[in-house]
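Asks: Structure of the sequence below:
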Amino acid sequence: MAILLGIDPGSRITGYGVIRVQGNHHEYVASGCVKVVDAEIDKRLLQIYQGICQVIDTYLPVEAAIEQVFMHRNPSSAIKLGQARGAAIVACGKAALLLAEYSPRQVKQSVVGYGGADKEQVQHMVCRLLNLKETPQADAADALAIALTHAQTRSTQAIIRAAEEV
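Replies: Residues are numbered from 1 along each chain as shown. So this is what the prediction gives:
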């Protein structure tokens, strides 16, 4: 059994999702958002770092997965997203978590079956896959989708390793 943390980084809201994985069974543990108070960039990044550290300390994941930066129309937004990712990655590094990265398209393909899925489709499938009665906030649902993608990837890699040993 493994606890996995998914992180959907953002400069204003960073979503997190925690799942428990045993074989092909995925169980919801927790999700939420680290909401950053308006402040200078150093203070905002510190809030993200501390928020993710608190999630790690609370749920004790063994691995984490984070969404890769994608290029917005506005390069400034991509830079801010990269900085938020950096703060979350450092929190994972401090806890010595194995860290995987997935593109938004990979996550949507894995969870919804279509790489161009919209946020509502991702939220719907996260609810179905984790048997949730209430729909999580979009950033938290994205983080859960990232954790589910990582769980699926881990499972596939284990099958491949087992086949190679035969």
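Asks: what packs against the helix or strand Ala78 falls within?
Replies: Under the criterion of DSSP states H and E, Ala78 resides in helix 75-94. Here helix 75-94 touches strand 2-8, helix 41-59, strand 63-67, strand 98-102, going by 3 or more Cβ pairs under 8 Å, 6 or more residues apart in numbering; DSSP states H and E. In this view, the C-beta of every residue, glycine as well, is placed from N, C-alpha and C.
Asks: if we go to 6 Å?
Replies: helix 41-59 (3 or more Cβ pairs under 6 Å, 6 or more residues apart in numbering; DSSP states H and E).
Asks: and for the helix it packs on, what are the contacting residues?
Replies: Contact with helix 41-59 is made by 3, 14, 16, 18, 34, 36, 83-84, 87-88, 90-91, 95, as judged by Cβ atoms under 6 Å, 6 or more residues apart in numbering.
Asks: Distance from stretch 7-22 to the middle of the chain?
Replies: 4 Å (Cα atoms, centre = their mean, to the nearest Å).
Asks: Using CSV, list the CA coordinates for that stretch.
Replies: Only the C-alpha atoms of stretch 7-22 are listed here, as CSV (Å, rounded to 0.1, in the frame of the first residue of the first chain):
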residue,chain,number,x,y,z
ILE,A,7,0.2,18.6,-7.0
ASP,A,8,-1.4,21.0,-9.4
PRO,A,9,0.9,24.1,-9.0
GLY,A,10,-0.3,27.6,-9.4
SER,A,11,0.9,31.0,-8.4
ARG,A,12,-2.4,31.9,-6.6
ILE,A,13,-3.8,28.4,-5.9
THR,A,14,-1.9,25.2,-5.7
GLY,A,15,-4.1,22.1,-5.6
TYR,A,16,-3.1,18.9,-3.8
GLY,A,17,-4.6,15.5,-3.8
VAL,A,18,-3.7,12.5,-1.7
ILE,A,19,-4.7,8.9,-2.6
ARG,A,20,-3.9,5.5,-1.1
VAL,A,21,-3.0,2.8,-3.7
GLN,A,22,-3.1,-0.9,-3.2
